[in-house]
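Engineer: okay, structure incoming, though there's no sequence with it:
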């Protein structure tokens, strides 16, 4: 077998680029990519503010009064008419009061709000992890396709050089030289297309994480498959939302009217010039009347929100279970396809060795070699795709089960 044919075999049978892409300590790199995407996400930036809002709501609910106290100051005199020295000053300090059961309901609502924000943070992080996983494996797949196209282009150039040399020596016909040149042009065109696809995948990854994709894109570790997904972040956030809705309903039930108000009044007055000022102190209690229509409106709205949250939780639980089952099936299929792809690659590689030997001995023509070579490249490309597909299916399964990198 001559040097050019040996180069073809060596390039085709070399370990594919994904051997490095899919190996190593995988969890750290993917976890770092998720952290990078999290730091850039607009909703993640607002989570801290929402947490501060929930904590402030809890502080208000723990207060002595449902709202801040107020102070009013008034003055009454007769300077515009008689100007006999009548003077009256009044200072009033008022504070709202909790209704019976309202403070406990407010505290429960505030605690539920804090829990709902924490659950929303976890759910958003899981969502971002899913986006990063898809971008991660899109880059890995594009790199494998580009590397295989590069190897095909290299072997096509080597084959063209060998065929042209043998054509000039009179061993092969001109049509064989043309076929070899056509194969090289097709391989180079395919390489350009795969490089463009790879740039697009890498730009999408950079737009998500803010950084270039790492040189190594390792797989995720396998996990024990769970039958229940009650700790799934999406279920947790919906359960927290349902709990918050019920807490708000309880608040509306305990708030039948506006808060009553207790005020301390201090009055200092005199009737005419020369008389001493007198001081009086009084207490005022203001009790607003209840508005039945408004109470029904707020109660109905809160009840509708609670019912909707419960329904969304039940529907999401079913969807997540179906999605987990679907991704399990996809993972099993990807594993079986990978085994078949490995067997197919071995068969086509053996056929290629036989075809190259037959061509070098003059027992077969170039068309048969190119056909066998194309089958071998197709089998290797399929193997590369299935290795990435299996790794991506494993990531999707972990995503469906709510497991972060």
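Structural biologist: In hand now; what should we look at? Please read these numbers as outputs of a predicted model, since none were measured by experiment. Residues are numbered from 1 along each chain as shown.

Engineer: quick one: low-confidence ranges for the protein?
Structural biologist: 1-28, 223-230 (pLDDT under 70).

Engineer: just the helices in it please.
Structural biologist: For the chain, helices defined by DSSP state H occupy the ranges 3-13, 18-21, 26-40, 42-61, 102-168, 174-209, 233-254, 292-360, 366-400.

Engineer: from the contact counts, what lies against the longest one?
Structural biologist: When contacts are defined as 3 or more CB pairs under 8 Å, 6 or more residues apart in numbering; DSSP states H and E, helix 292-360 packs onto helix 3-13, helix 233-254, helix 366-400. (C-beta placed from N, C-alpha, C; glycine too.)

Engineer: how about the last one?
Structural biologist: Applying 3+ CB pairs under 8 Å, 6+ apart, we find helix 366-400 packed against helix 3-13, helix 18-21, helix 102-168, helix 174-209, helix 292-360.

Engineer: so which of these is the most packed in?
Structural biologist: With neighbours defined as mean count of other CB atoms under 10 Å, the helices and strands packed on helix 366-400 peak in mean count at helix 102-168, which reaches a mean of 20.

Engineer: other SSEs contacting it?
Structural biologist: helix 3-13, helix 18-21, helix 26-40, helix 42-61, helix 174-209, helix 233-254, helix 366-400.

Engineer: next, residue 274: phi, psi?
Structural biologist: phi 90, psi -20 (degrees, to the nearest 10).

Engineer: report the contact partners of it.
Structural biologist: Neighbour list for residue 274: residue 85 [criterion: CB atoms under 8 Å, 6 or more residues apart in numbering].

Engineer: adjust the sequence numbering to begin at 215 for everything that follows.
Structural biologist: Fine by me, first position is 215 from now on; the one you just mentioned is residue 488.

Engineer: what distance do you get for it to residue 481?
Structural biologist: 20 Å (CB to CB, to the nearest Å).

Engineer: re the thing from before, got a markdown table for the helices of the chain, with distance to residue 433 too?
Structural biologist: Formatted as a markdown table, the helices of the chain follow (distance: least, CB to CB, whole Å):
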| stretch | distance to residue 433 |
| --- | --- |
| helix 217-227 | 23 |
| helix 232-235 | 9 |
| helix 240-254 | 5 |
| helix 256-275 | 26 |
| helix 316-382 | 9 |
| helix 388-423 | 16 |
| helix 447-468 | 22 |
| helix 506-574 | 12 |
| helix 580-614 | 4 |
